[in-house]
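Q: Here is my input, please return the structure:
(one chain, ligands or ions: 1)
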Amino acid sequence: IEIPSDIAGPAPRHLTTQVMVGNVAVGGGAPIVVQSMTNTDTADIQGTIDQVAALSRAGSEMVRITVDRDEAAAAVPHIREALDKQGITTPLIGDFHYIGHKLLAEFPACAAALDKYRINPGNVGFKSKRDTQFADIIEIANKNNKAVRIGANWGSLDQELLTKLMDENALSANPKDVRAVTREAMVQSALLSAARAEELGMPKNKMILSAKVSAVQDLIAVYQTLASRSDYAIHLGLTEAGMGSKGIVASSAALGILLQQGIGDTIRISLTPEPGGDRTVEVQVAQELLQTMGFRTFVPLVAACPGCGRTTSTTFQELARSIQDFIRDSMPGWKTQYPGVENLNVAVMGCIVNGPGESKHANIGISLPGTGESPAAPVFVDGEKFRTLRGPSIAADFKALVIDYIDQ
Ligand code: SF4
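A: Residues are numbered from 1 along each chain as shown. Here you go, the predicted structure:
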């Protein structure tokens, strides 16, 4: 058997035109950017500042906020100012629907404070009467030297365009199903709007496109088509992904396939939080998706076996959880203190079946004693057996060794 010298990796990145959103580069070969969105009322200035700060600290490199009415637009410059005072330079994106043209015109300080405006071509399209609304936003963006995202959405698709494509399709020799025509309408909605923005003087390096859908197969098809027809920077996201594991699985499946195909310059994982839940989870999931696929590194990875009947004590689960939490909580400080720490791999294994082998592949790993094994836990450092831990303080001792390793 001939063993291939290389394994197939991701496809080369789809080369797009780079867009600067504030101080963050999107597309054109830049690292894939993690972004998220607040769910606070933007008019609640302090609540929004706190959530943007939390998302930013969790690793969101851009944060979108809703700008839906006068009070929200008036709040935006105050939010920006307060974040700047805290040293948080994360670009802010204004999410506009229906009346974005009006809000941006009437609140110039809001237009100036935002780094990007999101336009939904489904409700501020460039067709007929809405043409001036679209043109107004583009003009304000040009005047303020801001980027825009033209974000088509399956749930608010341009009905005029959809109807036109449905009519044309009905008359064609081989009509496609409704779903296929709707996918095409999504792509066209984004591309026609971008072309119109260019006619209005917006350069390509100020535009990011998205076409979000809630079904995985539709999303993959829509983005593949979008990428094949243009070189605009691309924002990936599954809309209405859902709650908990369903949202995480659906987003990871859809975005994982597209990223593997080289498509996507910035991602948002849209998760519905549990009531009172932590909004930063979506940032963590986005980071983990990019890191497990090998596109970026953010936080040291903790490899842990799933545990089985050989792990009778809770020490194993407790240790795996506490190491993971400890690392994540420490990262904001470690990032500046220990450059490169995000490349660290830690293994926490439940018994000798896979423990020593897996631990040897990590920078530092431990194989805890399983049922019937002697109460000893070998620790491996850089592939070599380093020490054996015993007794009731195995967890604390291993944690100390991890800290020592990072320190060194
Ligand atoms: Fe079970 Fe041991 Fe495998 Fe972990 S390493 S899953 S404890 S057999």
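
Q: Tell me where the stretch 1-150 of the chain has strands.
A: Taking DSSP state E, counting those that start in this stretch, the strands of the stretch 1-150 of the chain run over residues 19-21, 24-26, 33-37, 62-66, 92-95, 116-119, 147-153.

Q: Show me the strands paired with the first one, marking each as parallel or antiparallel.
A: It stands for strand 19-21. Neighbouring strands of strand 19-21 in its sheet, by DSSP bridges, are strand 24-26 (antiparallel).

Q: ok, now the third one?
A: Taking DSSP bridges as the criterion, strand 33-37 pairs within the sheet with strand 62-66 (parallel), strand 266-267 (parallel).

Q: Now do that strand, average pLDDT.
A: The pLDDT scores in strand 33-37 average 97.

Q: can you give me the angle that strand makes with strand 147-153?
A: With axes from the mean of the first three to the mean of the last three Cα atoms, to 10 degrees as the basis, strand 33-37 and strand 147-153 are set at 70 degrees to each other.

Q: Tell me the buried residues in strand 33-37?
A: V33, V34, Q35, S36, M37 (16 or more other Cβ atoms under 10 Å). No exception for glycine: its C-beta is placed from N, CA and C like everyone else's.

Q: Return the member of the residues you listed nearest to the ligand.
A: Distance ranking of the buried residues of strand 33-37 against the ligand, using Cβ to the nearest ligand atom, places V34 first at 31.1 Å.

Q: Just list the residues touching that closest one, thanks.
A: G59, S60, E61, T266, I267, R268, V283, A286, Q287, L290 (Cβ atoms under 8 Å, 6 or more residues apart in numbering).

Q: restrict those residues to contacts with the ligand.
A: Filtering the contacts of V34 for proximity to the ligand by Cβ under 6 Å from any ligand atom leaves nothing.

Q: count of residues packed around the closest residue to the ligand within the stretch 201-350 of the chain?
A: The ligand sits closest to G350 of the stretch 201-350 of the chain, with a gap of 2.8 Å, by Cβ to the nearest ligand atom. For G350, the neighbour count with other Cβ atoms under 10 Å is 26.

Q: Near the ligand, which residues of the stretch 201-350 of the chain? Just list them.
A: So the stretch 201-350 of the chain meets the ligand at C305, P306, G307, C308, R310, T311, M349, G350 (Cβ under 6 Å from any ligand atom).

Q: Quick check: of the contacts of V34, which lies closest to A141?
A: T266 (17.7 Å; Cβ to Cβ).
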